[in-house]
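Chemist: return a 3D structure for these sequence lines:
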Amino acid sequence: MFEYRILQEKEYGQAIHLANQAFREPDHVSMGEAFPHVFSPALNQSYGAFEDEKLVSFIGLVPSVIHIENAEVQAYSIGAVCTHPDYQKRGLASTLLGHIFAHIKMAGASVLFVSGDLPIYKKAGCTYYGKVLQYNLRQGNLNQKGKYSIRELLPYDWFQIRKLSNKRSVRYEQSIFDLALLNKAAGFSSIFKTKHTILIAEAEGELKAFLVLAAPNLGQPQAVSRVIEWGGDPEAVCSLLAETFRYGSETVRLMVPAFETALIKLLSSLEKSEASYPGTIKIMGLDVFLQQLAPYLAGKITISTIDDQHKQLSWGQNSVIVENNTLEQMILKGIHGLDDGLANIFPVPFPYPEGLNYV
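Modeler: Reported below is the predicted structural model:
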């Protein structure tokens, strides 16, 4: 018989060992170091399947608050999902996922982010979402504006970085400690064995923008650098992008969510490709999600319940009744042919998942 439950503090060492076996090579940083929130006894969220007190399957669970303009959405992310090879194909992860769903609903969260798109997640109702533009920048694509002074992070910059971070209309909630901890952990970057550098654009003695760059180690001269996260004035961000090549890469990969229209306009002359966000998402309860999203919707649209399966959308002089499933698709992906009033609302913008808060 298997026991399914939240891990106890003494059991997180087993979880890190199991995850390292599943996801890490000998020269990788440990999963415990790269994803401190996943393996946090202080948060006390992650679940395991046990046989005689031995952890044989694990799902890391991390809570977060997503800011979407004035709305605060309570969310969870799962990661480091793994099962010992001797126990695979027994449905352990699927059973754990059921416990995760119950936990999320008890916590009052409305959205679940998943870094993968395996059948286990799609069968549970997770789906693709969002739209992102990918740029593969080459040296010379962008020119630094001379009015900005570019340098690396200094220890007294954290207050200003937090201030710039909080000005973003769509973001994960991040304290100064969160920013510092997640930058040091470099979770997403650790997959590629790259390290973080924070660049600062300064003008007139004031920080105008910051950018987190994942650059290759000295032993990886051909590795691609990746822009992990940024904040501040879009023109200053472009100046920072122009400076990323000083760290040795011929190519810098930049993923810009479609709602970042000001930055996209500045990059309009560059080649790009379009894709859904990586990973998948599940709205855990439509009514709870709409309640948490209400400040974002206020003044734009009114959504009211008709019955268990239908909502009425009212905007301007227009009104339409849609099924709940259709509304969820509008929220996550938009729908072609929406009039301008709805196209400015849907899809709802979510933070790009492969930033500092990657799970």
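
Chemist: nearest residue to Gln329 in space, please, no chain neighbours.
Modeler: Ile335 (6.5 Å; C-beta to C-beta, 6 or more residues apart in numbering). (Glycine included, C-beta is placed from N, CA and C.)

Chemist: give me phi/psi at Leu207?
Modeler: Main-chain dihedrals, Leu207, degrees, to the nearest 10: phi -70, psi 130.

Chemist: surely it meets Ile161?
Modeler: Yes - with contact defined as C-beta atoms under 8 Å, Leu207 and Ile161 form a contacting pair (7.1 Å).

Chemist: and the pLDDT at Gly140?
Modeler: If you check Gly140, the pLDDT there is 87.

Chemist: contacting residues for it?
Modeler: Counting by C-beta atoms under 8 Å, 6 or more residues apart in numbering, Gly140 makes contact with nothing.

Chemist: all helices of the stretch 251-359 of the chain, in order?
Modeler: Assigned by DSSP state H, counting those that start in this stretch, the helices in the stretch 251-359 of the chain fall at 261-266, 286-297, 324-333, 340-343.

Chemist: redo the ones you listed as CSV? Include distance to Ala49, mean neighbour count and mean pLDDT.
Modeler: Formatted as CSV, the helices of the stretch 251-359 of the chain follow (distance: least, C-beta to C-beta, whole Å; neighbours: other C-beta atoms under 10 Å; pLDDT from 0 to 100):
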stretch, distance to Ala49, mean neighbour count, mean pLDDT
helix 261-266, 43, 14, 97
helix 286-297, 28, 18, 98
helix 324-333, 30, 18, 96
helix 340-343, 43, 13, 84
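
Chemist: do you know which of the ones you listed lies nearest Tyr47?
Modeler: Evaluated over the helices of the stretch 251-359 of the chain, closeness to Tyr47 peaks at helix 286-297, with 21.1 Å, by C-beta to C-beta.

Chemist: now the angle from that closest one to helix 324-333?
Modeler: Interaxial angle of helix 286-297 relative to helix 324-333 (axes from the mean of the first three to the mean of the last three C-alpha atoms, to 10 degrees): 50 degrees.

Chemist: helix 286-297: how far from the chain's middle?
Modeler: 19 Å (C-alpha atoms, centre = their mean, to the nearest Å).

Chemist: number of nearby residues for Ser314?
Modeler: Number of residues near Ser314 (other C-beta atoms under 10 Å) recorded here: 12.

Chemist: per-residue pLDDT, it?
Modeler: For Ser314, the pLDDT comes out at 95.

Chemist: what of the one 3 residues further on?
Modeler: At Gln317, the predicted lDDT confidence score is 91.

Chemist: how near is it to Gly341?
Modeler: Using C-beta to C-beta, to the nearest Å, one gets 9 Å for the distance from Gln317 to Gly341.
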